[in-house]
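Visitor: Sequence and predicted structure are below.
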There are 2 protein chains.
Amino acid sequence: MEGWAGKRIRVDLTSGKIEVEALPLEHLKKWIGARGLNSEVVFKESSQGMDPFSPDNPLCFGVGPLSGTFAPSSGRVTVSARSPMTTPHGHGDTNMGGHWGPELRYAGYDQIILKGKADKPTYLWINDDDIELRDASHLWGKDSMETTLAMTEELGDPNIMITCIGPAGEKLVRYACIINTFNRAGGRTGMGAVMGSKNLKAIAVRGSKAVRIARPKEFFDMCKEARTRIDSDPAVKMMQAEGTMMLFDMANGIGLAGAYKNHTTGFAPGIEEKFGGVVHMKKYLHSREGCFACPISCGRYTYIKEGPFAGTHFGGPEMESACNLGPRCGTYDWEPVMKMVQNCDLYGLDTISTGAAMSWAMDCYENGLLTEADTGGIPFVWGDTDTMLKVIDMICNREGFGDLLAEGAIRAAWKIGRETEKLVPHCRGLEHISCDPRTVTGFSLGYAVSTRGSDHLKNMSCLEFPPAVGLYQDLIEEVLGDQAKDFLEAQPNNLIHIETKPKLCKWSEEDKCIADMLGLCCFPSAWWYPLRPEDLTKLFNLATGMDVTSDEMMRISARVVNIERATWNREGSGRNQDVHIDRYYELPVQDGPYKGAVLDRKKWEKAIDEYYRLHSWDKETGFPSNEVLKELGLDFVAEQLEKARKEYLKKK
Amino acid sequence: MEGWAGKRIRVDLTSGKIEVEALPLEHLKKWIGARGLNSEVVFKESSQGMDPFSPDNPLCFGVGPLSGTFAPSSGRVTVSARSPMTTPHGHGDTNMGGHWGPELRYAGYDQIILKGKADKPTYLWINDDDIELRDASHLWGKDSMETTLAMTEELGDPNIMITCIGPAGEKLVRYACIINTFNRAGGRTGMGAVMGSKNLKAIAVRGSKAVRIARPKEFFDMCKEARTRIDSDPAVKMMQAEGTMMLFDMANGIGLAGAYKNHTTGFAPGIEEKFGGVVHMKKYLHSREGCFACPISCGRYTYIKEGPFAGTHFGGPEMESACNLGPRCGTYDWEPVMKMVQNCDLYGLDTISTGAAMSWAMDCYENGLLTEADTGGIPFVWGDTDTMLKVIDMICNREGFGDLLAEGAIRAAWKIGRETEKLVPHCRGLEHISCDPRTVTGFSLGYAVSTRGSDHLKNMSCLEFPPAVGLYQDLIEEVLGDQAKDFLEAQPNNLIHIETKPKLCKWSEEDKCIADMLGLCCFPSAWWYPLRPEDLTKLFNLATGMDVTSDEMMRISARVVNIERATWNREGSGRNQDVHIDRYYELPVQDGPYKGAVLDRKKWEKAIDEYYRLHSWDKETGFPSNEVLKELGLDFVAEQLEKARKEYLKKK
């Protein structure tokens, strides 16, 4: 087979049984790879009401047909399972860069599915055709860096790629992440906790096989051309220079430094003085880092040379880590914030949910809804970075109040009561990133309808931002068609102009899913747009020898989105959860240029209607209609949803 | 003749004599047009030590061979004379947009030269071949809007284009500007005061002649193609959307909101909350305005609907007007700042020098160097916009302390003494714009060597800004050659990396001069770069039937720069003035991401050496060498400089 390995590994951690399973071409054509392959398994091999910490939860690591090839930015891996973080426990997944994914391809596999629970700490060691489970008791308790170093030494080859969890995953912190290649994180939805629940500390991979390409000469030429195009894209160039923090600097310039103080104000005063990409570059940037085969290499490596945090070094920070541990918690003191990012990476904690949990506590504390009687004497004061550093340790170790915060903000709020859940900015239990849903309504819609809870990496419509409007107007016109005029004329309010966003949202989710299925990073094709769906499709065709059109590829994406949606629907989550918390409809942005912006319930519901219409989903339930499921070849899904649909309507 | 009119008008206001003079092709080929034609006259027809307010000062209005054609953004005019604002009184000029320039072409002229002094207020009325001087006594004292409206009515045709001065020009405020087409300003170096000193209130023009193009079909095709390219340029698109304030938003995002409090701090805290392009668009933008034939149309029209400034409406604000009347004076209260911009336009005051004069007074007042005993009881407190509005009236009317400020900051400081001149951020008496010379060293070098005093529109190297680095890397590589690597690797410090700036500075000044000579705006070719020197040269060749290479065009630019430089040299201004005030070498940026940035004297002198070397100017004096003057066909300049060179060396 060309393009794909055509094989996947199944591991039963309870029995220790390891199987290699052939993946028929028909199946691969239907699900392409990575996220597509995983999402099918998560729906099919999990059941309604399943506890994500149960041994049955299928934990999948998937790579795509372009993983490990010369295709640009082809180092991504999707990790999927039912999420312990979300409410209900719907579809969870996370996408990570680094070098581990390509190595799995070189070992000859498209996917790993892990079920069961080992009786003691264990790691999986894949060395081409030799696959074994090994004792990891000596690694248990070690942080991600120590684990990676110890395993590298133990296995005796620095080219072995390691993905692991830190202590937070072992302790089932619901938002524990997975770390690979030392510091590339698969952060969201608690996949690290699922790994921990299976007593699986790490997966080490070494591969020496070739990836076969159907039309190598043309493929190489196209990759080369795509790289030139990426490298010439002005937005990409800014990202090469400044890393993802350039997004912060850009937004900040127009008064959009969101997430300040638990995502309330929509504006952070005076932040650019101390914080942001330029400050980082000037004082803390040690070097740049790239994931596998990436012409962008947005990764940073930080080294703090002097002062109380001297010696701190780590891969990052990404913009979202910085914003959620910084301004979201009322601080923009760079050095302690970076120390927190380092600790989260070492402990294996999602930086976004960690920041969200602490900022929720601070918001409650300020409003008298949480006192030291609840927190065991810890004052949660905005910007108190000393306390934050301590609390991160407590979360990781599930000590004292940290044990509650380890459940995630929404579960902590339920436990505390006193309507503190009203102060959790989230959808389906996953907290928002740093972009304010009142001012950037395309993101806002994406947060609500995303198939993993609030998220900016599945339905992101960054085309709505002023610089992108300038850069990719042709694409906007193509995507929005007759709505493009409305969108462009809405300037300067096109960020808050929700009317044109359903179309953008649906297009974005399918465009992004192509990259996810192929094993590519979103930055060159679904964040900035030097590459378009037709380019990715062409790369896919050249690698696999297939002959798919980009419209067909978008329909395959729709299949994946629909099956992920169905995993949620089966749990009773539909239109009832495609909504924001009340605060965003009631409390307008308090200051800055977007002062007064607030979500409008009527416009919101209309946008949801329109988004469903574009998807052919039921207006009442927000479930995919039987027709669309059948059209997408998801008859088995339609059958399972029948019962859930009835339950939903009954409850309603 | 094709491309040019081949004629200029000479007016002697003392005698009332008007002559139309043929411009031989050889002369036009040597000086191209507009700025080129004017600068030759300013050198040749003025003399060492001349008082700019003397009748002999030749006031020139010039348009170029592309003025009034379909070439993009071809509405610019250069106005030149010896400057009453600078110290010494060197070459002065200003460049303005609008629709007046093209009308002069349609009337059949390339240039107007005005000398002498009318015995009463007068205006010049050019109606194709009919040219007359008319009494303007009834217009004297009227503001620019009233004057334009009254003349339009009087002359009976709204298509008549009018350029005029306001009361500030009549009162010889040294930084009085010229206004055309209601609100397009020729702001700097006091050309409005020169007009006032001649008792010339306005020039009205109506033309009905064709502009003849040598190769019309190819010219039209090339213009069309150039317009598409401009329209697709991402930076241009941002400027279309936000106007020139986008530059502020962009810089602000990386902590570069300069000029705050008399240009000292290098950083304005929390400014994006209240100020900037997005805030303006959202609250005050009435409509967009374009100059003649401009695909960018960066002009704004403001209307304040409510509050104490309700009813304020005007064309603008430009970024520099806003920054110099706003943050430079310690305020970012948008509405009073816009009211000040409106008043400056009506009175005919340069917004930059007006803000600079007031911010100098505030700086002195804060430091106890200026007291109410000096100011006639006026407190000069940062951000006191009520007082600022009153002081602007006083400057315009030369009342009380306003009479002193009307002399410009440097002359006011000399009068006050107490070393207050140390607080005037200027070069050659003209105050800097809002960009901090410590953090943006290409601009910094440009300020110091510009041929009209501190300036950002002659030697601007905006290629050094992060977004431009991304957008135009190919151009950077072409311009900087073997220094490009150093420049690119200096990131994130390439703004303060002065070593590569001499080359950028010299290239920029010649590139920009091409646009100035042709009558084009700098934005499409010398600020953003969808068009390059070779494109402008091609447009020129197609319009005129000439066959000039872009290298030859750059040498013609060099000729213009050299003759402007010679006007300064003749006054004893050379290397002695290619320098910043001490403060920028001594006081580092006080806060924000560029904290600590300061000019280094050694590096500065090395950069100046290098800039001279690239120009073949004498290292000791900074005068053009005889060799380079002769090579540029400026033998007559070389002769006149001999004496000045000796005087300079003797003084030294």
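Guide: Cool, the structure landed.

Visitor: Quick check: phi and psi on the residue nearest to residue A:543 when sequence neighbours are not counted?
Guide: Spatial nearest neighbour of residue A:543, excluding adjacent residues (Cβ to Cβ, 6 or more residues apart in numbering or on different chains): residue A:3 at 4.3 Å. Placement of C-beta: from N, CA and C, glycine included. The phi and psi values for residue A:3, taken as degrees, to the nearest 10, are phi 90, psi -50.

Visitor: Number of residues surrounding residue A:3?
Guide: Close neighbours of residue A:3, defined as other Cβ atoms under 10 Å in any protein chain shown, add up to 26.

Visitor: quick one: it and residue A:213 touch, right?
Guide: Yes. In this structure, residue A:3 is within contact of residue A:213 by Cβ atoms under 8 Å, at 6.9 Å.

Visitor: Next, the buried residues of stretch A:509-518.
Guide: A:509, A:510, A:511, A:512, A:513, A:514, A:515, A:516, A:517, A:518 (16 or more other Cβ atoms under 10 Å in any protein chain shown).

Visitor: ok, now stretch A:210-218?
Guide: A:211, A:213, A:214.

Visitor: Which single one of those residues is nearest to chain B?
Guide: Among those, residue A:213 lies closest to chain B (Cβ to the nearest Cβ), at 30.9 Å.

Visitor: got a pLDDT number for that closest one?
Guide: Looking at residue A:213, its pLDDT stands at 97.

Visitor: Residue A:2 versus that one, what's the distance?
Guide: Residue A:213 is 6 Å from residue A:2, where distance means Cβ to Cβ, to the nearest Å.

Visitor: what do you get for residue A:84?
Guide: Residue A:84 is 38 Å from residue A:2, where distance means Cβ to Cβ.

Visitor: cool, and residue A:243?
Guide: 35 Å.

Visitor: Please enumerate the shared neighbours of residue A:213 and residue A:2.
Guide: residue A:543 (Cβ atoms under 8 Å, 6 or more residues apart in numbering or on different chains).

Visitor: sorry, back to before: need the residues touching each of residue A:3 and residue A:213.
Guide: Contact with both residue A:3 and residue A:213 is made by residues residue A:543, according to Cβ under 8 Å, 6+ apart.

Visitor: To which secondary structure element type does the residue nearest to residue A:33 when sequence neighbours are not counted belong?
Guide: Nearest non-adjacent residue to residue A:33, counting by Cβ to Cβ, 6+ apart: residue A:64, 3.3 Å away. Counting by DSSP: H, G, I helix; E, B strand; the rest coil, the backbone at residue A:64 sits in coil.

Visitor: If I look at residue A:64, what pLDDT would I see?
Guide: The confidence metric pLDDT takes the value 98 at residue A:64.

Visitor: Residue nearest the middle of chain A, spatially speaking?
Guide: In chain A, the centroid-proximal residue (Cα atoms, centre = their mean) is residue A:94; its distance is 4.5 Å.

Visitor: Tell me the spacing between it and residue A:178.
Guide: Look at residue A:94 and residue A:178: by Cβ to Cβ, they are 7 Å apart.

Visitor: what is in contact with those two at once?
Guide: Common contacts of residue A:94 and residue A:178, defined by Cβ under 8 Å, 6+ apart, comprise A:79, A:186, A:191.

Visitor: and the first one, that's in a strand?
Guide: Yes. When classified by three-state DSSP, residue A:79 is found to be part of a strand.

Visitor: what sits opposite it in the beta ladder?
Guide: As for beta bridges, residue A:79 partners with residue A:61, residue A:94 under DSSP bridges.
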